[in-house]
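[1] Need coordinates for the below:
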Amino acid sequence: MNLKFVWANLLSRPMRSLATLLAIALEVTLILMVIGLTQGMIRETTSRMAGIGADIVLQPPNSSVVLASSSAVLPVAKFSNLLQGIEGVEAVSPVLVFWNTDKGSELLFGIDFKSFEKISKGFIFLEGSGLSNEYDLLVDDIKAASKKLRVGTTLKYLNHDFHVAGIVEHGKGSRVFVPITTLQTLVGSPGRATLLFLKCTTTDQINSTVKRLQDRLPGYQIRPMGEFVSQMSSAYSSDVALRYFLTIVKFIAIVVGLFAIFLAMYTTITERTREIGILKSLGATKAYILGIFLGEAFLLCLIGFVAGVILSYLGVWLVGQWSRNLPILLTGEWILKSGLIAFFSSGLGAIYPAFRAAKRDPIDALAFE
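    Modelled structure (predicted):
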């Protein structure tokens, strides 16, 4: 019987019901899209690092796995010669990482082209060729597509014009690669690198080589690539500023959903005062009336939640059509969490109007105009 009342009320006031559904759907979509974008970018960044193909990463003491906050303090010539002489090390490639914020935010990799190709088993070129001139650069296919770049296009970095020499398949650490010597000069770090990638003779030698390097270079950050990528993912996920940002987003979503549902339920009481009086005069209990209103709130929430998930997947598709630079990862964990948040805000928003409706005096309700 309760379900009949709930459905009848929803269908008798379609615009109010639709507005409430949209509020819940947008609440769920907001949570999923923002958190999905954050998690997608973390996964995509760590995936690109893993795709480089190195076996070991060497960084200076006290360096962060968050490359944007790392500095260029490794003397390239000294360490390259030292590492080449250690058993198990097949190749060494220095990389200077620069966080460019001129137009948006992106990491530039300054690389020694030949050694980086040896470490990464070579770029897969879709157009053009390697870095042969001082102000050449390589871009991956995702950046090329998003910015409509072709071989020969000019891009400005650090107030200098670079020419796109080649477009490569994505997944080799960065989206933009320039000659390391050029980047060293432009950022004022001649002969320095942010980190060194190492390739071992065989994968069986990775752990033993790490141990030899740690004995030879105490205090330096020396990790197998798998461990480095794992720590990078954890560092991004546990970032304090990011946690605060996500908390604020969730709080806003809850407040918006709560307000929308509260307003809808409060309006319901006003519009249905006489109906409540009739129900109570016919013997309906407080629990029965309370159940009707809470049932309406949770049914709206269920439909709104499903609509929000559908809108989120539609949003992922639309963003993917517009820009592959913005990867969005929708996970089952956060779909469940967004549902719990929506149901919590629905229940909280409906509880006061429901209790108020149940406590209505039937005589006052029947006399209401």
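[2] Show me where the stretch 251-369 of the chain dips below the pLDDT cut-off.
    257, 261, 264-265, 268-273, 323-325, 364-369 (pLDDT under 70).
[3] Now do the strands in this protein.
    For the chain, the strands defined by DSSP state E cover 56-59, 74-75, 89-100, 106-111, 125-128, 136-140, 154-157, 160-168, 176-179, 192-193, 195-200, 221-224.
[4] Worst mean pLDDT among the ones you listed?
    Among those, strand 74-75 has the lowest mean pLDDT, at a mean of 85.
[5] Break this protein into its domains for me.
    2-44+240-367, 61-219 (automatic domain parsing).
[6] Which among the ones you listed is found nearest to Ser230?
    Nearest to Ser230, of all the domains of the chain, is domain 61-219, at 9.2 Å by CB to CB. (Each C-beta comes from the backbone N, C-alpha and C, glycine too.)
[7] Any idea how far apart the tips of the closest one sit?
    Using CA to CA, to the nearest Å, the span of domain 61-219 from its first residue to its last is 5 Å.
[8] ok, back up a step: would you list the domains of the chain in TSV and tack on mean neighbour count?
    TSV is the format used below for the domains of the chain (neighbours: other CB atoms under 10 Å):
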stretch	mean neighbour count
domain 2-44+240-367	18
domain 61-219	17
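[9] Rebuild those domains as TSV, extending it with distance to Ala50.
    Shown next, in TSV, are these (distance: least, CB to CB, whole Å):
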stretch	distance to Ala50
domain 2-44+240-367	10
domain 61-219	9
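[10] and Met225, which of those is closest to it?
    Met225 sits nearest to domain 61-219 of all these, at 8.1 Å, using CB to CB.
[11] Pull the distance from that closest one to the chain's centre.
    Relative to the centre of its chain, domain 61-219 is centred 24 Å away, using CA atoms, centre = their mean, to the nearest Å.
[12] Repeat that for stretch 23-42.
    In this view, stretch 23-42 has its centroid 9 Å away from the chain centroid, taken as CA atoms, centre = their mean.
[13] Adjust the sequence numbering to begin at 26 for everything that follows.
    Okay, using 26 as the starting number, the last item reads as stretch 48-67.
[14] Quick one: mean pLDDT for that stretch?
    82.
[15] Please name the nearest non-neighbouring residue to Leu319.
    In space, and not counting its chain neighbours, Leu319 is closest to Ala379: 5.4 Å by CB to CB, 6 or more residues apart in numbering.
[16] cool, Gly76 as well?
    With sequence-adjacent residues excluded and distances taken as CB to CB, 6+ apart, Gly76 is closest to Gly196, at 3.7 Å.
[17] quick revisit: which ones are touching the residue nearest to Leu319?
    For Ala379, the contact set (CB atoms under 8 Å, 6 or more residues apart in numbering) comprises Met290, Ile314, Leu315, Phe318, Leu319, Ala322.
[18] Among these, which one lies nearest to Asp137?
    Nearest to Asp137 among the contacts of Ala379 is Ala322, at 62.6 Å by CB to CB.
[19] now the residue lying closest to the closest one once chain neighbours are set aside: how far from Ala382?
    Leaving aside its chain neighbours, Ala322 sits nearest to Ala375 (3.4 Å; criterion: CB to CB, 6+ apart). To Ala382, Ala375 is 10 Å away according to CB to CB, to the nearest Å.
[20] Repeat that for Lys103.
    For Lys103, the distance to Ala382 equals 78 Å [CB to CB].
[21] Gly191 now?
    Computed as CB to CB, the Gly191 to Ala382 distance reads 69 Å.
[22] just Arg41 next, same as before
    From Arg41 to Ala382 the distance is 16 Å (CB to CB).
[23] With His188 instead?
    Distance, His188 to Ala382, using CB to CB: 71 Å.
[24] do Gly251 as well
    Going from Gly251 to Ala382 by CB to CB gives 59 Å.
[25] Let's check: the centremost residue of this structure is which one?
    Nearest residue to the geometric centre of the chain (CA atoms, centre = their mean): Thr63, 1.6 Å.
[26] My guess is that residue contacts Leu271. True?
    Yes. Counting by CB atoms under 8 Å, Leu271 is a contact partner of Thr63 at 6.8 Å.
[27] one step back: tabulate the strands of the chain (a markdown table), appending distance to Thr71.
    Below are these laid out as a markdown table (distance: least, CB to CB, whole Å):
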| stretch | distance to Thr71 |
| --- | --- |
| strand 81-84 | 13 |
| strand 99-100 | 22 |
| strand 114-125 | 15 |
| strand 131-136 | 13 |
| strand 150-153 | 23 |
| strand 161-165 | 16 |
| strand 179-182 | 24 |
| strand 185-193 | 19 |
| strand 201-204 | 18 |
| strand 217-218 | 21 |
| strand 220-225 | 15 |
| strand 246-249 | 14 |
